[in-house]
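>>> pasting the structure only:
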Ligand code: NI
């Protein structure tokens with residue numbers, strides 16, 4: 001297993017559209033293990049393959065208190081989303097230190113393959129519903145800051161670019 005570097009906004013690779021996973025094989029199994037390790041190491045609740053520069057439809061999530069209930073979603077599709085929506089604060093491992101309100105459906109139904117390649121349907125509400133919508137957006141090349149006003153988004157962009165320059169200088 002290995003920690004994978006996480007792309008940071010405004011890296012243009014975060015806007016690539018992911019392609020379906022062709023086969024749940026040894027390569028994908030290894031990628032899942034690395035993505036879970038990377039997500040736990042970064043204290044995140046979700047990570048999309050897009051964020052580690054792999055442009056295939058794969059997401060890992062763990063919204064449990066104990067951080068011991070990993071969920072794998074391969075080729076996930078939202079097959080139903082509630083009309084009821086709510087605004088909740090979101091953050092993202094690709095947008096470190098930034099949290100802001102995004103309106104999402106409060107419940108969704110997602111169809112996906114699990115880590116063993118079995119098709120399953122998940123009914124999600126609460127944090128899992130938000131997380132699924134956020135992570136599935138990543139697979140479409142969409143980062144949550146794109147829901148914010150252009151003014152806020154530009155401020156975030158400037159702040160993160162400055163941060164990354166400072167880090168690069170050491
Ligand atoms: Ni994210």
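Sure, I can see it. Only a predicted model underlies this, so the values are computations on that prediction, with no experimental measurement involved.

>>> separation between residue 19 and residue 137?
As judged by Cβ to Cβ, to the nearest Å, residue 19 and residue 137 stand 16 Å apart. Where C-beta positions appear, they are placed from N, C-alpha and C, glycine not excepted.

>>> the two: who's more crowded?
residue 137 (19 against 11; other Cβ atoms under 10 Å).

>>> in this protein, which residue is most central in space?
residue 135 (3.1 Å; Cα atoms, centre = their mean).

>>> need the contact list for that residue.
46-48, 59, 61, 73 (Cβ atoms under 8 Å, 6 or more residues apart in numbering).

>>> and the contacts of the worst-scoring helix or strand of the chain on mean pLDDT?
Least confident helix or strand, the chain: helix 150-169 with a mean of 95, by mean pLDDT, DSSP states H and E. Helix 150-169 has contacts (Cβ under 8 Å, 6+ apart) with 8-10, 95-98, 100, 145-146, 148.

>>> kindly report the same for stretch 73-91.
Outside stretch 73-91, the residues touching it (Cβ under 8 Å, 6+ apart) are 20-21, 24, 28, 57-61, 98-115, 117, 121-122, 130, 132-136, 139, 144.

>>> just how off-centre is it within its chain?
Centre-to-centre, stretch 73-91 and its host chain are 12 Å apart (Cα atoms, centre = their mean, to the nearest Å).

>>> quick one: mean pLDDT for it?
Average pLDDT, stretch 73-91: 98.

>>> show me where the protein has its helices.
In the chain, the segments counted as helices under DSSP state H are 26-41, 126-139, 150-169.

>>> spatially nearest residue to residue 127 (excluding sequence neighbours)?
residue 63 (4.7 Å; Cβ to Cβ, 6 or more residues apart in numbering).

>>> re earlier: ranking the helices of the chain by burial, who's on top?
Counting by mean count of other Cβ atoms under 10 Å, helix 126-139 has the highest mean neighbour count of the helices of the chain, with a mean of 21.
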